[in-house]
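**Student:** Got a predicted structure here, sequence first:
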Amino acid sequence: MVRTTFCNFIHSTKSLIPGKKRQKKSLILFLPDSLLQKIYKFLSPVDKVCLCLSCKTLFNLFSTILEHKEFAFPQLLKIKEPRKCINNQDVSRNQLLLRLETKEQLYCGACLKLHPRKSFNTPQAPNNQPLQRRCRQNAGIVDLCPCISLTGADRRNIIRLLENSTISDPTLGGRFDLIDDDEQGSYLLHRCSYATTNHWRTRLLMNVFIGLDRQLRVNTKYTLSSQSVPRVNRRAEPVFACPHTDLTMFAGWFRDSSKCKYCHTSFEGTSVSPATFEVTRMLGGCTRSESEVWLKQSRFTEEAWDDYLAFWRDSAAIRDGVRKDFRKRKAILARSREPARSGTMLSISRRRLPLNAKTPAYISAQTV
């Protein structure tokens with residue numbers, strides 16, 4: 001209400017300024033800073049950013065909003081909230097990028113970023129729904145660790161950097177160390193460690209290189225250590241080897257090699273205490289476009305994001321109704337397995353129950 005009234009005031013007073021030259025400076029800039037601060041408090045986070053970006057004067061006053069965590073690039077393993085890391089229209093960052101779209105810059109629902117129009121390699125892509133629009137057919141985001149989430153553009157920059165180590169890429173600065181080895185060739189090195197809310201301490205050593213088969217590979221050594229806690233808490237927060245495999249499920253007993261049946265990520269348990277795993281992920285060939293290999297390593301999108309519930313259902317870090325959605329689905333599944341009551345038969349559609357459904361929309365009671 002306040003924002004609508006304020007906007008109407010600005011538009012209604014434009015005609016009071018005679019001459020075209022005086023219209024270059026907006027009336028809002030004549031207001032005192034104290035009044036601007038009061039108006040600013042009533043705006044939504046997205047409106048605050050748009051106001052900040054409207055001119056230099058307002059940018060100097062309100063630029064701190066750009067550092068808000070809601071508008072940072074969503075790194076799934078750092079944020080630990082799947083709902084905020086997909087092409088969801090309720091996410092503030094996605095709302096902002098959709099509002100900042102122009103004829104030259106379009107939103108990509110797979111990369112969660114704005115791209116130049118020429119980056120969309122299919123003619124029909126710019127005309128698709130913004131949240132479903134993809135810059136490339138197999139575009140997506142690959143989460144390697146809480147520090148690193150790669151888009152297709154990052155993948156191409158890594159390949160260019162490894163093939164020509166004399167160039168520099170500021171987009172990768174600080175995340176990787178470039179190592180030149182006469183025997184192994186050039187590769188990228190990354191080390192990090194992090195703790196989870198369920199008493200796991202994870203250390204990892206990551207190498208990114210181009211294999212002899214011209215495939216971009218990521219070899220990561222995970223070391224998981226934990227205190228003696230109940231098993232239900234130990235599995236409360238996942239440590240992903242790939243989008244489909246949680247290493248905490250194998251920690252403490254697995255000492256063998258296996259492979260993910262979906263993305264063919266291979267992992268081997270080399271030690272039990274502390275739990276150590278060697279994981280190899282394939283990120284596709286050294287081509288300009290992403291392949292299906294890259295897509296299989298990418299995080300789930302809007303259509304399948306609820307598949308993460310199997311990993312995150314017990315985590316205390318998950319909020320915004322994720323655990324509630326899981327309990328709802330579990331209750332619906334239990335009801336569907338119960339024997340039919342007298343005079344009633346349950347019929348279930350094959351479609352998934354939408355997460356925002358207030359009632360079981362796809363379960364109907366039919367009178368026999």
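**Tutor:** Arrived safely, thanks for sending. Residues are numbered from 1 along each chain as shown.

**Student:** any idea of the mean pLDDT for stretch 261-278?
**Tutor:** Model confidence over stretch 261-278, given as mean pLDDT, is 88.

**Student:** for stretch 206-214, that is, sorry about that
**Tutor:** 90.

**Student:** and that stretch, which residues are buried?
**Tutor:** Buried residues in stretch 206-214, defined by neighbour count with 16 or more other Cβ atoms under 10 Å: 206, 207, 208, 209, 210. Glycine gets a C-beta too; all of them are placed from N, C-alpha and C.

**Student:** isn't the second one right next to residue 187, touching?
**Tutor:** Read that as residue 207. Yes: under the criterion of Cβ atoms under 8 Å, residue 207 makes contact with residue 187 at 5.3 Å.

**Student:** How are the helices of the stretch 51-200 of the chain distributed by residue range?
**Tutor:** With DSSP state H, counting those that start in this stretch as the criterion, the stretch 51-200 of the chain has helices at 56-62, 76-79, 92-99, 152-163.

**Student:** Compare those and say which comes out lowest on pLDDT.
**Tutor:** Mean pLDDT, when computed for each of those, is lowest for helix 76-79, at a mean of 83.

**Student:** what packs against that one?
**Tutor:** When contacts are defined as 3 or more Cβ pairs under 8 Å, 6 or more residues apart in numbering; DSSP states H and E, helix 76-79 sits against strand 142-145.

**Student:** Phi and psi next, for residue 217.
**Tutor:** The phi and psi values for residue 217, taken as degrees, to the nearest 10, are phi -120, psi 150.

**Student:** show me the contacts for it.
**Tutor:** 208, 209, 210, 211, 280, 281, 282, 283 (Cβ atoms under 8 Å, 6 or more residues apart in numbering).

**Student:** Walk me through the domains of this structure.
**Tutor:** 2-67, 150-299, 322-367 (automatic domain parsing).

**Student:** Comparing those domains by mean pLDDT, which bottoms out?
**Tutor:** Mean pLDDT is lowest for domain 322-367 out of the domains of the chain, coming in at a mean of 41.

**Student:** Of the buried residues of stretch 206-214, just say which sits nearest to residue 239.
**Tutor:** residue 206 (13.5 Å; Cβ to Cβ).

**Student:** does residue 216 count as helix, strand or coil?
**Tutor:** Following DSSP: H, G, I helix; E, B strand; the rest coil, we place residue 216 in the strand state.

**Student:** Could you check how many residues crowd around the nearest residue in space to it that is not next to it in sequence?
**Tutor:** Spatial nearest neighbour of residue 216, chain neighbours left out: residue 283 (4.2 Å); criterion: Cβ to Cβ, 6 or more residues apart in numbering. Residues contacting residue 283 under the criterion other Cβ atoms under 10 Å number 24.

**Student:** To which secondary structure element is residue 283 assigned?
**Tutor:** strand 275-285 (DSSP states H and E).

**Student:** Restricting to C-alpha, output that strand in PDB.
**Tutor:** Coordinates of each C-alpha in strand 275-285 appear next as PDB, following Å, rounded to 0.1, in the frame of the first residue of the first chain:
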ATOM      1  CA  ALA A 275      35.900 -42.800   7.200                       C
ATOM      2  CA  THR A 276      37.800 -42.100   4.000                       C
ATOM      3  CA  PHE A 277      36.400 -42.100   0.500                       C
ATOM      4  CA  GLU A 278      38.000 -41.600  -3.000                       C
ATOM      5  CA  VAL A 279      35.300 -40.200  -5.300                       C
ATOM      6  CA  THR A 280      35.700 -39.700  -9.100                       C
ATOM      7  CA  ARG A 281      33.100 -37.600 -11.000                       C
ATOM      8  CA  MET A 282      32.900 -37.100 -14.800                       C
ATOM      9  CA  LEU A 283      31.900 -33.600 -16.000                       C
ATOM     10  CA  GLY A 284      31.800 -34.300 -19.700                       C
ATOM     11  CA  GLY A 285      34.100 -33.800 -22.700                       C
END
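
**Student:** quick one: that strand to helix 152-163, angle?
**Tutor:** Relative orientation of strand 275-285 and helix 152-163, computed by axes from the mean of the first three to the mean of the last three Cα atoms, to 10 degrees: 90 degrees.
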